[in-house]
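K.L.:
Give me a model of this one.
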Amino acid sequence: MKMLPKPLVLAAALLCGSAAHAADWFPLQVNSTGADGKSAPANYVALAKAAQPWDICVSFPHLKDSFWLAANYGITEEAKRLGVRAAVLDAGGFTQLANQISQIENCVAGGAKAVIIGAISQDGLNNLVAELKRKNIPVVDAYNGIASKEVDARSLTAPRDEGWRAGRYLAEKHPKGGKAVKVAWLPGPAGAGWVELFNSGFREAIKDSAVEIAETKYGDTGKEVQARLIEDILQAHKDIDYVAGTAVTAEAAVTVLRARGLTGKVKVVSVYMTPGVYQGLRNKSIEASNMAPVVLVGRIAVDQAVRLLEKKELLRDVGPIGRVYTDADIGTLKTDTVLAPTGFRPVFKVGS
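P.N.:
Residues are numbered from 1 along each chain as shown. A predicted model of the protein is given here:
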């Protein structure tokens, strides 16, 4: 994998003098995966500006939660910074694969020159990607992952790494040989690819530690469902030390534990960050959370799309590096790398 050429780094440095805000998010350390499948750290440096106002289609599964709102914010802000036009599509939910495909086809028919896809399905978009390849429309796989090898670039979150980091936090706090601690583990809905990755990463990280999973419960990431599952586990196991799982799990756990008088006795760990988890860390009702820079993943995807259109060198498969924050150091988090601003509403069009 070729690294970004030195002139690009110089251009970014020169830009700082006239528009310092433009370089706030880069250079950014990422994991870059080469054609051989091997990953290595790299510094991502974005373009100063697009050569022309390209039309880019952006497809999201939905825009109903804070994760996809942050994705929307990152992508639309980067489109503004680079000076390109973006049409943002909301497929309506993870059951709406056919709608996602038809929306993208219509967007391309309307003149889009590149497509960024937050995929509903890993395999269900392969035929569409092949069709776009035949039309010479670059495709950037953003956030969720598409199985097709014909994708031109990828800017992804890494659910397995997120699960692993949350588990590693607990394993380091409770190493092998120490007093055993019991965890209620709620990774999300059964069968979802990202849930299985959360699960495998978390379980791998706690092997050979004093951390034991008392029970695993799968369920929809609605707060009522998660609260009910937590109640079930606490009823069945009187010796739970931690509730760990999705951000919705963590938010629901705070309420359940408060109602049961268990705040502080049973601690809460989240696999990813949301505004609710952030507030929980600030007020110390949540002990720790992994953080993936969702906003920056979107910014990279837009930069990749422009580089593909302008046939410029690029890192083709990247993922920003996350970390775990605790209630002790959450004040150091740059929230605009992870969360949309308070009160942000989805943006569906950038440029005229």
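K.L.:
use CA for all of it now, contacts and neighbours both
P.N.:
Will do.
K.L.:
Tell me where the stretch 151-300 of the chain has strands.
P.N.:
Assigned by DSSP state E, counting those that start in this stretch, the stretch 151-300 of the chain shows strands spanning 153-156, 181-188, 211-218, 242-245, 267-270, 288-291.
K.L.:
Turn those strands into CSV, including distance to residue 40.
P.N.:
Shown next, in CSV, are the strands of the stretch 151-300 of the chain (distance: least, CA to CA, whole Å):
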stretch, distance to residue 40
strand 153-156, 15
strand 181-188, 28
strand 211-218, 30
strand 242-245, 28
strand 267-270, 27
strand 288-291, 20
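K.L.:
Generate a markdown table for the ones you listed, with mean neighbour count, mean pLDDT and distance to residue 231 as supplementary columns.
P.N.:
A markdown table is the format used below for the strands of the stretch 151-300 of the chain (neighbours: other CA atoms under 10 Å; pLDDT from 0 to 100; distance: least, CA to CA, whole Å):
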| stretch | mean neighbour count | mean pLDDT | distance to residue 231 |
| --- | --- | --- | --- |
| strand 153-156 | 25 | 96 | 34 |
| strand 181-188 | 24 | 97 | 10 |
| strand 211-218 | 18 | 98 | 11 |
| strand 242-245 | 27 | 98 | 11 |
| strand 267-270 | 28 | 98 | 14 |
| strand 288-291 | 27 | 96 | 21 |
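K.L.:
so which of those comes closest to residue 93?
P.N.:
Taking CA to CA, strand 181-188 is the member of these nearest to residue 93, at 16.0 Å.
K.L.:
before we move on, back to that, of all the strands of the stretch 151-300 of the chain, which lies closest to residue 171?
P.N.:
strand 211-218 (6.3 Å).
K.L.:
neighbouring contacts of that closest one?
P.N.:
170-171, 174-175, 180-190, 206, 229, 233, 237, 240 (CA atoms under 8 Å, 6 or more residues apart in numbering).
K.L.:
if we can go back for a sec, tell me which of the strands of the stretch 151-300 of the chain lies nearest to residue 96.
P.N.:
Nearest of the strands of the stretch 151-300 of the chain (CA to CA): strand 181-188, 19.3 Å.
K.L.:
neighbours around residue 352, how many?
P.N.:
7 (other CA atoms under 10 Å).
K.L.:
pretty sure it contacts residue 86?
P.N.:
No. Residue 352 lies out of contact with residue 86 (CA atoms under 8 Å); the separation is 9.2 Å.
K.L.:
mind checking pLDDT for the residue located most distally from the centre of the chain?
P.N.:
Relative to the mean C-alpha coordinate of the chain, counting by CA atoms, centre = their mean, the farthest residue is residue 177 (34.4 Å). Residue 177 is assigned 97 on the pLDDT scale.
K.L.:
show me the residues around the residue nearest to it when sequence neighbours are not counted that make contact.
P.N.:
Closest residue in space to residue 177, ignoring its immediate chain neighbours: residue 210 at 6.6 Å, by CA to CA, 6 or more residues apart in numbering. Taking CA under 8 Å, 6+ apart as the contact definition, residue 210 lies against 171, 174, 175, 176, 177, 178, 179, 180, 181.
K.L.:
Could you give the backbone dihedrals for the spatially closest residue to residue 278 that is not a sequence neighbour?
P.N.:
Nearest in space to residue 278, with sequence neighbours left out and distances taken as CA to CA, 6+ apart, is residue 330 at 7.7 Å. When read as degrees, to the nearest 10, the backbone of residue 330 gives phi -60, psi -20.
K.L.:
mind checking the end-to-end distance for stretch 168-183?
P.N.:
Start to finish, the residues bounding stretch 168-183 are 13 Å apart (CA to CA, to the nearest Å).
K.L.:
Hmm, I typed the wrong one, I wanted stretch 168-178.
P.N.:
In stretch 168-178, first residue to last residue: 15 Å (CA to CA).
K.L.:
and if you look at stretch 173-193?
P.N.:
Across stretch 173-193, first to last residue, CA to CA, it's 28 Å.
K.L.:
next one: stretch 272-289
P.N.:
6 Å.
K.L.:
list the buried ones in it?
P.N.:
Neighbour-count burial for stretch 272-289, counted by 16 or more other CA atoms under 10 Å, picks out 272-282, 284-289.
K.L.:
From those residues, which land in helices?
P.N.:
If you go by DSSP state H, the buried residues of stretch 272-289 have 275, 276, 277, 278, 279, 280, 281, 282 in helices.
K.L.:
could you list every residue that touches the last one?
P.N.:
I take that to be residue 282. By CA under 8 Å, 6+ apart, the neighbours of residue 282 are 327, 330, 331.
K.L.:
List the residues that contact residue 184.
P.N.:
213, 214, 215, 216, 217, 230, 233, 240, 242, 243, 244.
K.L.:
Name the nearest of those relative to residue 49.
P.N.:
Using CA to CA, the contacts of residue 184 come closest to residue 49 at residue 244, 42.1 Å.
K.L.:
The closest one contacts residue 269, correct?
P.N.:
Yes. The criterion here is CA under 8 Å, and residue 244 meets it with residue 269 at 4.7 Å.
K.L.:
So for these two, which residues contact both of them?
P.N.:
Contacts common to residue 244 and residue 269, judged by CA under 8 Å, 6+ apart, are residue 250.
K.L.:
Got the domain ranges for this structure?
P.N.:
6-158+293-321, 159-291 (automatic domain parsing).
K.L.:
No further queries at this time; thank you.
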